[in-house]
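[1] After the sequence you'll find the predicted model.
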Amino acid sequence: MQWETVIGLEIHAQLSTQSKIFSSASTNFGAQANSQACAVDLGLPGVLPVLNKAAVNKAIKFGLAVNAHINQRNVFDRKNYFYPDLPKGYQISQLDFPIVGEGEIDIMVDEQVKTIGVTRAHLEEDAGKSVHDMFDDYTAIDLNRAGTPLLEIVSEPDMRSAVEAVAYAKKIHALVQYIGICDGNMQEGSFRCDANVSIRPMGQEALGTRAELKNINSFKFLEKAINLEVDRQQDILEEGGKVVQETRLYDALKHQTRSMRSKEEANDYRYFPDPDLLPVEISDELLIEIKSQLPELPVEKKARFIKDFDLSDYDADILTSQKALADYFEATLEDNASNIKLCANWVMGELSAALNKEQKSIQDSPVSPQDLSLLIQRIGDDTISGKIAKDVFKAMWTGEGSADNIIEAKGLKQVTDTGAIEAVVDEIIANNAPQVEQFKSGNEKILGFFVGQAMKATKGKANPKIINEILRAKLTD
C-alpha cells in the first residue's frame, strides 16, 4: 500500500525580551540555577502577573510578517497540569482567543514553491528545566526559564515530507531573526520544534492517528525523527496494528523515538480564562506603528538581491536564508561592486564550508566581511589567483593576519610579467613535442596540460589568463 505522510509543526520561539512575560525577572541565559526565578514565576501566594508589553509587540510583529489576522482582543488562559518544573501547577497560555490568527508562509522544495498555512500563534510562558543527569537518584530542577516569554507558532498539517517540514522550520527560524523577535539559538533552547506526524493511505481524506515528537532542537534531528516516525507507523499499520495517539521523545544518540505519555486533548488540561489577567486590547494605532517598524523581510531581501545584484534564484535563496549571512554578504560588497558574483561564491563556498567544518555560526567567523572583501579585491585585481586565494583564506582563518600581510609575507603575488611567463611557456613547449602535435591535430583539451605545467613551474604564481593567451598564440603559430 502507498502511504501519504501528513505533518504539522508547533514551533516555540523564545521572545527576545529583557524580562519575563509576567514578571521583571531576567531572561539572560546561563545564569546560576534558580537565580532568576522570582515570586511571580514561582506562583507564590499574594503575587500577581503583569503582562510584558514588549512580548505583545513582538507577537504582533510576527503576525504581520506572515500576513496573519491579528486578534485585537485576545485572552490568557490557565493550562492546568502537574509537572515538577511547573511550580504553579498551571501554565499561562492562550486557547480560544490567541493573539495571532491564520496566516501563511511560502517554502521552496525541489525548486517548487509551496504555501504552508499558519493556524495561529499564541503567547505563553515557558516552564522550568528538569536536569536528569546531575544526580544518580534524583532529578534536579532549574526554574530560571520559568516565565520566559514564548510564541508558539502552530502550522496547518500541510507538509507531506520531512524535507518540507525542515524547509518550513528553517523559514520560520530565519523570519523570527529577521524581524528581531527571537535570537533563534537552538542550542540554548530559544527555538524548539514539536512535530505532529501521521500517515494515511494515498488518496484518503481523513487524517491518520498522529504522534507528537517533542522538543526537537536541530533541523537535522527534526528530519531524522520524522522519517523514523513515518517508518514506525508504516510498520505498525502494515502488520495490522493501530497507531496510538501519544507524545514521543526522539533520542538522537540511539536514533530512536520512545513513548513519553499518551497524548492529551485540550479538555485534559481544564483550560479556563486566567482570573488575574485582563483581556488584551490592541488598538489600530498600535498595529500601524508596529507595521511601520517591520524591517526588510526575507522574501523582500531575496527579490532585491536578484534585481540589484543579478544573482540567481538559488544563490539569492541561500544568501538570504539567515539574516546574519545576508548582512555578511552585503558587507563584503561595500568595496567590491564589480565582484558581486565572486563575493557570493566565496561566502557560499569557502566561508560556509569553514564554518560548517568547525560548527561555527557566521557571527563567530574569525574572518570578518571586511577581511574577506579585501581578499576578493586581490583576486579581482589579479594580485593573486583564485587557487592561491584559498591558501591565503586558510591563513586568515587561523589568525595569521590580513590578506595583504599574508600575500606579502609569503611572496604570493601573481607573476604578471609577460616576458617571464613567455620564457616558461617556451621551455614547456620545447620539452613536450608529442603534446604540441596533439594540440595542432585538434585536441583542444590538451591545452589544460600546458597550463598545468606552467602553473607548476611558477609555483602557482603565474596569472592563468596570461598563460592561456601566450600558450594559444605560440601553439597556433
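    Yes, it's here. Residues are numbered from 1 along each chain as shown.
[2] ok but Arg378 is inside a helix, no?
    Yes. Under DSSP: H, G, I helix; E, B strand; the rest coil, Arg378 sits within a helix.
[3] Just confirm it contacts Asp404, I think it does.
    Yes. With contact defined as C-beta atoms under 8 Å, Arg378 reaches Asp404; the gap is 7.3 Å. Bear in mind the C-beta positions are built from the backbone N, C-alpha and C, glycine included.
[4] Can you list the buried residues in stretch 389-397?
    Ala389, Asp391, Val392, Phe393, Ala395, Met396, Trp397 (16 or more other C-beta atoms under 10 Å).
[5] Extract the CA atoms of stretch 462-477 and return them as PDB.
    Output of stretch 462-477 as PDB, limited to C-alpha atoms (Å, rounded to 0.1, in the frame of the first residue of the first chain):
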ATOM      1  CA  ALA A 462      51.600  33.000 -12.800                       C
ATOM      2  CA  ASN A 463      48.400  34.600 -14.000                       C
ATOM      3  CA  PRO A 464      46.400  31.800 -15.600                       C
ATOM      4  CA  LYS A 465      44.700  34.200 -18.100                       C
ATOM      5  CA  ILE A 466      48.100  35.400 -19.400                       C
ATOM      6  CA  ILE A 467      49.400  31.800 -19.600                       C
ATOM      7  CA  ASN A 468      46.400  30.800 -21.700                       C
ATOM      8  CA  GLU A 469      46.900  33.800 -24.000                       C
ATOM      9  CA  ILE A 470      50.600  33.200 -24.600                       C
ATOM     10  CA  LEU A 471      50.200  29.400 -25.000                       C
ATOM     11  CA  ARG A 472      47.400  29.700 -27.500                       C
ATOM     12  CA  ALA A 473      49.400  32.300 -29.500                       C
ATOM     13  CA  LYS A 474      52.500  30.200 -29.600                       C
ATOM     14  CA  LEU A 475      50.800  26.900 -30.300                       C
ATOM     15  CA  THR A 476      48.800  28.300 -33.200                       C
ATOM     16  CA  ASP A 477      51.800  29.900 -34.900                       C
END
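[6] what sits up against that stretch?
    Outside stretch 462-477, the residues within contact range by C-beta atoms under 8 Å, 6 or more residues apart in numbering are 382, 385, 414-416, 418, 421-422, 424-426, 429, 436, 439-440, 447, 450-451, 454-455.
[7] returning to that earlier point: neighbour count winner among Arg378 and Asp404?
    Comparing Arg378 with Asp404 by other C-beta atoms under 10 Å, the one with more neighbours is Arg378, at 21 against 14.
[8] which ones are touching the more buried one?
    Neighbours of Arg378 in contact, by C-beta under 8 Å, 6+ apart: Ile384, Ala389, Val392, Ala403, Asp404, Ile407.
[9] Flag the least confident of those.
    Here the lowest pLDDT out of the contacts of Arg378 sits on Ile384, with 86.
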